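Trainee: following is a predicted model, sequence given first.
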Amino acid sequence: MISTRKVGAALLALLFVLAGMANYFPAAQAKPVEVPVVYYKLPNGLKVVISEDHVAPVVSVGVYYNVGFRVEPKGRTGFAHLFEHMMFQGSANIKKFEHAKYVEANGGNTNGHTDFDYTNYYETLPSNRVEMGLWLESDRMRSLDISEENLKNQQNVVSEEIKVNVLNTPYQFFEWIDLWQNAFTNWNNSHNGYGDLAEVNAATIQDVRTFFKTFYAPSNAVLTIVGDVDANEVKKMVEKHFAGIPAQP
């Protein structure tokens, strides 16, 4: 058995060695991190952010809409989340479910997320497919397929999420369900983002179309392109795909 005295002596010797080595290897000076970012706005109000990063041949295309749980209509709790689902139901040039198929067939991934103050959608792709990501996002911003069939289908999907994640879960998602309802008295902050089951199912096709026209306008969105791209080339692509989308009040 090794004595604690010997262990202590060995550790002390090691500390002396390390202290001596420090004289030969001075601490490296931290270099400031510089992230190149280009900001500009299209005439239709769409804000654009481009950041070149050539560390890997990958690019992320994202669209952030300035709408979330806090601004959904009273009596339509869960509506912002429901609409996030609607955004994957096809548009003028992209059939239902084809958005994800295009991305995955080109080695990428895609998703969306609804938060308190924003809803965002993104594609992460090989950098030579950046224009495809821009085309996909512009097509649904311009011409989302809002139909009775798509609305009913996604109401059923969101209803199942409410049943599984809220109503039938003993401990629920405390952070998302109970915390906000107990922390705030203001309705916009206190209601949960999943929504009331009856209110989600009460949403009408006109509700959805009005919501889209109001909040999914280019002037209420930020387009981000981050990764292995040339900013000047990307600007041309953005102009091609987004500049013709009509502005909304």
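Mentor: Okay, I see it.
Trainee: C-alpha only now, for contacts and for neighbours.
Mentor: OK.
Trainee: the most centrally placed residue in the chain - nearest residue in space that isn't next to it in sequence?
Mentor: By C-alpha atoms, centre = their mean, the chain has its centre lying nearest to Asn120, at 3.6 Å. Nearest non-adjacent residue to Asn120, counting by C-alpha to C-alpha, 6 or more residues apart in numbering: Tyr64, 4.3 Å away.
Trainee: same thing with Gly45?
Mentor: Ser219 is the one closest to Gly45 (C-alpha to C-alpha, 6+ apart), at 3.9 Å.
Trainee: so who does Gly78 touch?
Mentor: Counting by C-alpha atoms under 8 Å, 6 or more residues apart in numbering, Gly78 touches 69, 72, 192-196, 199-200.
Trainee: can you put those residues in CSV and add pLDDT and distance to Lys163?
Mentor: What follows is the contacts of Gly78, written out as CSV (pLDDT from 0 to 100; distance: C-alpha to C-alpha, whole Å):
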residue, pLDDT, distance to Lys163
Phe69, 89, 19
Glu72, 88, 20
Asn192, 78, 14
Gly193, 79, 14
Tyr194, 81, 10
Gly195, 81, 11
Asp196, 84, 10
Glu199, 87, 14
Val200, 87, 12
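Trainee: average pLDDT for the helix or strand Leu125 falls within, rounded please.
Mentor: Using DSSP states H and E, Leu125 falls within strand 119-126. Averaged across strand 119-126, the pLDDT comes to 97.
Trainee: show me the strands in this structure, by range?
Mentor: 38-41, 47-52, 58-65, 109-114, 119-126, 221-227 (DSSP state E).
Trainee: Arg76: which of the ones you listed is closest?
Mentor: Of all the strands of the chain, the one in closest proximity to Arg76, counting by C-alpha to C-alpha, is strand 109-114 (15.0 Å).
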